[in-house]
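> kindly generate the corresponding structure for this input.
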Amino acid sequence: MRLDSLAPLLDRNGPWATVYTSTARATESAGDERRLAARAAGDELARQGADASTVDAVTEHLAALSPSTRPQGTVVFAAAGETVLELPLNTAPDRTVVCWSALPHLGPLPELRGENPRCLTARIDRTGADFELVDAHGTHSAGQATGEEWPIHRNATGELSEKHFQLRVENTWESNAGLIAEAIDRRFQETGADVLVLSGDPRERRAVHDRLPERLRGIAVETSHGGRAAGASSELLDRETERARQEFVEQHTARALAEMRAAHSPGGSGPGDLHDAAAPGPATAESVPSLVEAAREHRVGTLLVRPGGPDRDRQVWVGDGSDQVAVRRSELQYLGATDPVPARADDALLRNALATDAEVLVADPREELPVGGLGALLRWTHADERAAAVR
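Numbers count the residues shown, from 1 in each chain. This next block holds a predicted model:
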């Protein structure tokens, strides 16, 4: 899950109003239903202690939502009488969730927004390529690469110069393939894409594939669907692109879970307080105390959440700073928090992941790990530090 869109939530303190609501069941009376639902959410916020200006801001914003722009649902975050952020959801929530709390209620977000990998598609022919960026919110043009347009077709005149001309054609194809590969590399980095799909005639796309940097050759998916020619069907390419995005999510999560399983295996470091692990290297944390400690030290590289885990709503204590988080209130005095307040563990850890640029992955609810519903792959452990000191 990409957290960069949540950045505005770090710019101010709470308390926060958070509302998750569905727009997927629109009817002819949808406008009236939205207004009633908005009023009900506002009443619930007021019941939980929200100030009148924040209640009004949330109510007005929810009443104005349109299913055409938010087809599944939306989440609204507000504080101090102002709507700070509103994001579309990729999955409609089963029920409206209303929360007035010290932190933004981020816990439901990983499941409802999900990991949303960006796919760069390149529609390739002999003269260039058209680029598109695809994610859960649609397809957008991402520019193009234009190569030489002549000569690109072999002649068949039988003249003595034919071989020379055909060689020039081959050179043009090869040159254009290199130019397209360089453009793909640039666009992939500029757009922050995760997945790459090459489409078009097998010869042209293979020539481009072979000229890509090794890191892109290893992840590129090739397909003959959806060429660059005018009128070329996009339906099959869209399916291939969605399949590639889904496979990326599954493989990404599977690798993280494999590391966590390794920690549970005989000889593994095991979950818990991993700063005492015997050997340096990648490690995991699962208990809330070890996760909180790792979050304070900015050691969480990947935060894994599993729906329904009992640790997700466990109480922790937080201050204004994202690294001011502790299992006990008294601990926060040493972290500079003057007025500690209680919060859910998942909200606190997700806020910390946002602030420290950690990634967030969602495990299948049928998975056994993370055991309590929260786990992490760590960037480093204290054992790494000791090993480095010895060296």
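
> just checking, Arg2 touches Asn116?
Yes. With contact defined as CB atoms under 8 Å, Arg2 counts as touching Asn116 (6.1 Å). All C-beta atoms are positioned from the backbone trio N, CA, C, and that covers glycine.

> number of nearby residues for Gln72?
17 (other CB atoms under 10 Å).

> just the pLDDT for it.
Gln72 is assigned a pLDDT of 86 by the prediction.

> list the contacts for it?
22-24, 88-92 (CB atoms under 8 Å, 6 or more residues apart in numbering).

> quick one: list the elements packing against the helix or strand hosting Leu303.
Leu303 belongs to strand 300-305 when assigned by DSSP states H and E. In terms of contacts (3 or more CB pairs under 8 Å, 6 or more residues apart in numbering; DSSP states H and E), strand 300-305 is packed against helix 235-264, helix 345-355, strand 359-362, strand 374-378.

> among the ones you listed, which comes closest to Trp16?
Trp16 sits nearest to helix 345-355 of all these, at 9.4 Å, using CB to CB.

> so where do the helices sit in the chain?
Assigned by DSSP state H, the helices in the chain fall at 30-47, 52-63, 109-113, 162-191, 202-210, 214-217, 235-264, 288-296, 345-355, 382-390.

> against Ala256, how distant is Glu368?
14 Å (CB to CB, to the nearest Å).

> neighbour-wise, which of those two wins?
Ala256 (23 against 11).

> contacts only, for the more buried one.
302, 304, 361, 377.

> repeat for Ser5
85, 87.

> and it, how far is that from Glu86?
Per CB to CB, Ser5 is found 10 Å from Glu86.

> any residues in contact with both of those two?
With CB under 8 Å, 6+ apart as the test, Ser5 and Glu86 reach no residue in common.

> still on that earlier bit, looking at the helices and strands packed on strand 300-305, which one is packed in the most?
Compared across these, strand 374-378 shows the largest average neighbour count, a mean of 27 (mean count of other CB atoms under 10 Å).

> for that strand, packing partners?
Applying 3+ CB pairs under 8 Å, 6+ apart, we find strand 374-378 packed against helix 235-264, strand 283-285, helix 288-296, strand 300-305, helix 345-355.

> dump those into JSON lines; add mean pLDDT as well.
JSON lines is the format used below for the helices and strands packed on strand 374-378 (pLDDT from 0 to 100):
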{"stretch": "helix 235-264", "mean pLDDT": "92"}
{"stretch": "strand 283-285", "mean pLDDT": "92"}
{"stretch": "helix 288-296", "mean pLDDT": "96"}
{"stretch": "strand 300-305", "mean pLDDT": "96"}
{"stretch": "helix 345-355", "mean pLDDT": "98"}
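
> chain center to stretch 78-86, what's the gap?
Relative to its parent chain, stretch 78-86 has a centroid offset of 23 Å by CA atoms, centre = their mean, to the nearest Å.

> use 717 as the first number for this chain going forward.
Let's use 717 as the start, then, which means that last one is stretch 794-802.

> how long is that stretch end to end?
One end of stretch 794-802 to the other measures 9 Å (CA to CA, to the nearest Å).

> now stretch 1049-1058
14 Å.

> ramachandran coordinates for Arg1028?
phi -60, psi -40 (degrees, to the nearest 10).

> what sits against it?
823, 1021, 1060-1062, 1088-1090 are the contacts of Arg1028 under CB under 8 Å, 6+ apart.

> tell me where the model's unsure across the chain.
Scanning the chain for pLDDT under 70 picks out 741-746, 865-887, 945-949, 982-998, 1099-1107.

> where's the residue lying closest to Thr1097 once chain neighbours are set aside relative to Val1041, distance?
Leaving aside its chain neighbours, Thr1097 sits nearest to Ala999 (4.7 Å; criterion: CB to CB, 6 or more residues apart in numbering). Counting by CB to CB, the separation of Ala999 from Val1041 is 19 Å.

> before we move on, what about Arg1030?
12 Å.

> please apply the same query to Val937.
For Val937 relative to Val1041 (CB to CB), the value is 40 Å.

> who has more neighbours, these two?
Neighbour tally, Val937 and Val1041, criterion other CB under 10 Å: the higher count belongs to Val1041, 28 against 18.

> to Ala1053, which of the helices and strands packed on strand 1090-1094 lies closest?
Among the helices and strands packed on strand 1090-1094, the nearest to Ala1053 by CB to CB is helix 1004-1012 (11.3 Å).
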